[in-house]
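Participant: Take this sequence and fold it.
(chains A and B)
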Amino acid sequence: MANTKAKAERPLSPHLQIYRPTLTMMMSIVHRITGAALYFGTLLLAWCLLAAAAGPNDYANVKWFMETLLGRLILFGYTWALLHHALGGIRHLIWDLGYGLGPAEREWLTVATLVGSVGLTILIWFVGYLSMGGI
Amino acid sequence: MRTPLGRARYLGSAKSGTSHFWRQRLTAVLDIPLTIAAVVIVISLFGRDHAAVAAILGSAFVAIVMILFIVTSVYHMWLGMQVIIEDYVHEERVKFIALMANSLFCFAVGLTAVFAILNLSYRV
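Facilitator: Model prediction:
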């Protein structure tokens, strides 16, 4: 655009680096990052489903990859990102309805999101390994 | 969204109004139960051989739940990535290309996943 340079010379409103970091702010950023990660993680889901549809050989490749250390790390990260984004989303829905916006409540909700996502991720992997009969 | 009174008085949004916000919240609410269901389904697939996995994913109830999960979450991420692009990409041409790429990615990934589920369920 022809007028972009003229626009850039105008003073900007204060941005992230001006403010002291707070937990709610950090979790807001993490919510967006996990959302973007899940966006690309959907490729993994589509790949797994397509391999299952393609046949036993393709599925064996997926299964092999998921059982490598890298595959497990990606799956573990995917699980945490999914749960963190889900719990963060529930927190945002609570806020959208006008609840939990007080100083103590919003901090408590934010800590609960973090503790809940980490705890649930470990629990799900524990149940997953248990259902497979150990490592 | 427009209230009936606002519509009668010709008040309210001239463009899309809050529909983007509302659709993001709608898909977010739908994805709460659907994510729980999808996680349970995926855990139940762990450690099984291909025949069992294909049978589970292809069964009617699981296939429908997975398709609902895929469609709602892909629509949700289409809206979400659009907001991210609009927040950070300010150069008009780059922004336009990024928004097009976002749409293409979401349609491609979503349709691939739904195709795979349908493919499995036709065989069961």
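Participant: contacts, neighbours, all on C-alpha from now
Facilitator: Noted.
Participant: contacting residues for B:Leu99?
Facilitator: Residues counted as contacts of B:Leu99 (C-alpha atoms under 8 Å, 6 or more residues apart in numbering or on different chains) are B:Gln82, B:Ile85.
Participant: Actually, B:Arg2.
Facilitator: Contact partners of B:Arg2, counting by C-alpha under 8 Å, 6+ apart, are B:Gly12, B:Ser13.
Participant: Can you give me the neighbour number for B:Leu5?
Facilitator: For B:Leu5, the count of nearby residues is 10 (other C-alpha atoms under 10 Å in any protein chain shown).
Participant: longest helix anywhere in chain B?
Facilitator: What stands out as the longest helix in chain B, according to DSSP state H, is helix B:92-123.
Participant: and that one, which residues are buried?
Facilitator: Neighbour counts using 16 or more other C-alpha atoms under 10 Å in any protein chain shown place B:95, B:98-99, B:102-103, B:105-107, B:109-121 of helix B:92-123 among the buried residues.
Participant: quick one: the strands in chain A?
Facilitator: With DSSP state E as the criterion, chain A has no strands.
Participant: Show me what from it comes close to chain B.
Facilitator: With C-alpha under 8 Å from any C-alpha of the partner chain as the criterion, chain A meets chain B at residues A:1, A:35-36, A:39, A:42-43, A:45-47, A:49-50, A:52-53, A:55-56, A:59-60, A:86, A:89, A:93, A:128, A:131-132.
Participant: filter those to the buried ones?
Facilitator: Here, 16+ other C-alpha under 10 Å leaves A:35-36, A:39, A:42-43, A:45-47, A:49-50, A:52-53, A:56, A:59, A:86, A:89, A:128 buried among the residues of chain A next to chain B.
Participant: Just the ones of these in helices?
Facilitator: If you go by DSSP H, these have A:35-36, A:39, A:42-43, A:45-47, A:49-50, A:52-53, A:56, A:59, A:86, A:89, A:128 in helices.
Participant: just the helices in chain A please.
Facilitator: For chain A, the helices defined by DSSP H occupy A:4-8, A:23-54, A:56-67, A:69-96, A:103-131.
Participant: quick one, phi/psi of residue 12?
Facilitator: Because you didn't say which chain, this covers chain A. In this entry, A:Leu12 is assigned phi and psi values of phi -100, psi 150 (degrees, to the nearest 10).
Participant: meant chain B actually
Facilitator: Backbone torsions for B:Gly12, taken as degrees, to the nearest 10, come to phi 110, psi -170.
Participant: List the residues that contact it.
Facilitator: Taking C-alpha under 8 Å, 6+ apart, one finds B:Arg2, B:Gly6 in contact with B:Gly12.
Participant: Grab the CA positions of the worst-scoring helix or strand of chain B on mean pLDDT and hand them over as PDB.
Facilitator: Least confident helix or strand, chain B: helix B:4-8 with a mean of 79, by mean pLDDT, DSSP states H and E. Output of helix B:4-8 as PDB, limited to C-alpha atoms (Å, rounded to 0.1, in the frame of the first residue of the first chain):
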ATOM      1  CA  PRO B   4     -35.800  -8.700  16.900                       C
ATOM      2  CA  LEU B   5     -36.300  -5.100  18.200                       C
ATOM      3  CA  GLY B   6     -33.100  -4.000  16.600                       C
ATOM      4  CA  ARG B   7     -34.200  -5.600  13.300                       C
ATOM      5  CA  ALA B   8     -37.600  -3.900  13.400                       C
END
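Participant: immediately after that helix, which helix or strand?
Facilitator: helix B:19-45 (DSSP states H and E).
Participant: How far off centre is that next one?
Facilitator: Centroid displacement of helix B:19-45 relative to its chain, using C-alpha atoms, centre = their mean, to the nearest Å, is 9 Å.
Participant: Give me the buried stretch members for it, please.
Facilitator: Across helix B:19-45, burial judged by 16+ other C-alpha under 10 Å covers B:Gln24, B:Arg25, B:Thr27, B:Ala28, B:Val29, B:Asp31, B:Leu34, B:Thr35, B:Ala38, B:Ile41, B:Ile43, B:Leu45.
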